[in-house]
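> Take a look and give me a structure for this.
(chains A, B and C)
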Amino acid sequence: MPELPEVETVANGVNARVRARRIVQVWTSGKPQTFKSPETEIAAALTGAKIESVRRVGKTIVMTVARDGKPTEFLIHLGMTGRLLVCTPEMPAAPHTHAVLTLDDAREVRFVDPRRFGRLSIHHPKDGGRVRVGTPTSQNRDVGHPVLTDDRHAGYAGPGREPLTISVEDFVALFRGRKTPIKAALLNQSLLHGVGNIYADEALFRAGIRPARQAARLSREELKKLRAALIAVLKQAIKLGGSSVSDYVDADGVRGFFQLRHKVYQRTGEPCRDCGTPIQRIELAGRGTHFCPVCQR
DNA sequence: AGGTTGACCTGGACGC
DNA sequence: TGCGTCCAGGTCAACC
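Numbers count the residues shown, from 1 in each chain, chains lettered A, B, ... in the order given. This next block holds a predicted model:
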């Protein structure tokens, strides 16, 4: 299931393969649930447009296209089982293909999503400079697109903050007065972008914090540790191409490797890699939640 | 308003 | 073998 590292991997992979290409044809499946914008609007906005960049904002893939100098954003949310693949035309179409963008070199960008939790939509960026564009850093220089320094201004992104760039002060402030379990707060996209079930469990293990603890009752030191653990686990996962636990694959259909480093996620009953105690599973915020009863307090 | 729960989906795993 | 049941979870709407 795609979370921040998986979406980042897919977005960077697609960006490297299709940037500066022109879209010559758009096909959509007609499955209404998949399309948040009308399919006719998506086809009209993309046909004939040039792909400027593909990047990640939260768990959303943002493809910026331009026609007649006017930018439009194609938003792709992978949901649970969505894939965005760059294919040659002779590759057979996978079942549950919902959109195909044919490029000017005959290659195709295909959106495949068996469970149909994914969503496609068109966003027209507001003019007036509400989106602040930052300078490339060592981390994103290779990506080849401008960097949003504050994604809260991106319009579609919602109020949540980017976990990779949030300061200690802001991170601590997010959970002030929150009576909900810390795990539920980590999953709340209006607080933090991009954290899903896998990386919430893994970050809490690495920080030594029980998922059921009330967010507001965590000390400043614990939250500081949690922020560092979250950033570390997300960065390591990005490096390894994400976690392939469901049917997640990158832009070339290649699986990630971070699932081999999972310490608690879907390891119920298996020994903790640090202390040997069997990993426990409970349900929290309607999600399977995995933790070590000894290492996490 | 913050917090919680269920619906949306389908493939795969499991039990009988 | 085959059928039925359950489970996975990102997000949103509805409810408390």
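> C-alpha only now, for contacts and for neighbours.
Will do.
> Give me every residue in chain A lying close to DNA strand C.
Residues of chain A lying near DNA strand C by Cα under 7 Å from any atom of the strand: A:1-3, A:59-60, A:77, A:79-80, A:115, A:117, A:187, A:189, A:194, A:196-198, A:287-288.
> Drop anything exposed from these.
Neighbour-count burial (16 or more other Cα atoms under 10 Å) applied to these gives A:1-3, A:59-60, A:77, A:79-80, A:187, A:189, A:194, A:196-198.
> just those now: which is nearest residue A:275?
Residue A:275 lies nearest to residue A:198 out of these, by Cα to Cα, at 20.4 Å.
> That closest one reaches residue A:261, doesn't it?
No. Using Cα atoms under 8 Å, residue A:198 is not in contact with residue A:261, being 11.4 Å away.
> which SSE is residue A:280 in?
Assigned by DSSP states H and E, residue A:280 belongs to strand A:280-284.
> Actually, residue A:45.
Here residue A:45 sits within helix A:39-46, counting by DSSP H and E.
> which other residues reach that helix?
Helix A:39-46 has contacts (Cα atoms under 8 Å, 6 or more residues apart in numbering) with A:23, A:25, A:26, A:27, A:28, A:30, A:65, A:72, A:74, A:121, A:122.
> which parts of the stretch 151-297 of chain A sit against DNA strand B?
Within reach of DNA strand B by Cα under 7 Å from any atom of the strand, the stretch 151-297 of chain A has these residues: A:177, A:178, A:179, A:180, A:181, A:184, A:284, A:285, A:286.
> what's the fifth one in contact with, if anything?
Right, the one you point to is residue A:181. Shown in contact with residue A:181 (Cα under 8 Å, 6+ apart): A:211, A:212, A:213, A:214, A:215.
> separation between it and DNA strand C?
15 Å (Cα to the nearest atom of the strand, to the nearest Å).
> got it, and the third one?
Residue A:179 sits at a distance of 13 Å from DNA strand C (criterion: Cα to the nearest atom of the strand).
> pretty sure residue A:54 belongs to a strand, no?
Yes. According to DSSP: H, G, I helix; E, B strand; the rest coil, residue A:54 belongs to a strand.
> That one and DNA strand C, how far apart?
17 Å.
> And residue A:11, its phi and psi?
With angles defined as degrees, to the nearest 10, residue A:11 sits at phi -60, psi -50.
> you'd agree it is up against residue A:64?
No. Residue A:11 lies out of contact with residue A:64 (Cα under 8 Å); the separation is 11.6 Å.
> Find the residues that touch each one of these two.
Between them, residue A:11 and residue A:64 share these contacting residues under Cα under 8 Å, 6+ apart: residue A:54.
> Just the pLDDT for residue A:247.
pLDDT, residue A:247: 67.
> And stretch A:81-89, what's buried?
Residues of stretch A:81-89 classed as buried by neighbour count (16+ other Cα under 10 Å): A:81, A:82, A:83, A:84, A:85, A:86, A:87.
> Map the structural domains onto the sequence of chain A.
Domain ranges of chain A: A:4-154, A:168-291, per automatic domain parsing.
> Could you tell me the least trusted of those domains?
Mean pLDDT per stretch puts domain A:4-154 lowest among the domains of chain A, at a mean of 83.
> hey, C-alpha coordinates of the strand holding residue A:280 in CSV?
Provided in CSV are the C-alpha atoms of strand A:280-284 (Å, rounded to 0.1, in the frame of the first residue of the first chain):
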residue,chain,number,x,y,z
GLN,A,280,1.6,-8.1,19.4
ARG,A,281,-1.2,-7.0,17.2
ILE,A,282,-4.1,-4.9,18.3
GLU,A,283,-6.7,-2.9,16.4
LEU,A,284,-6.4,0.9,16.7
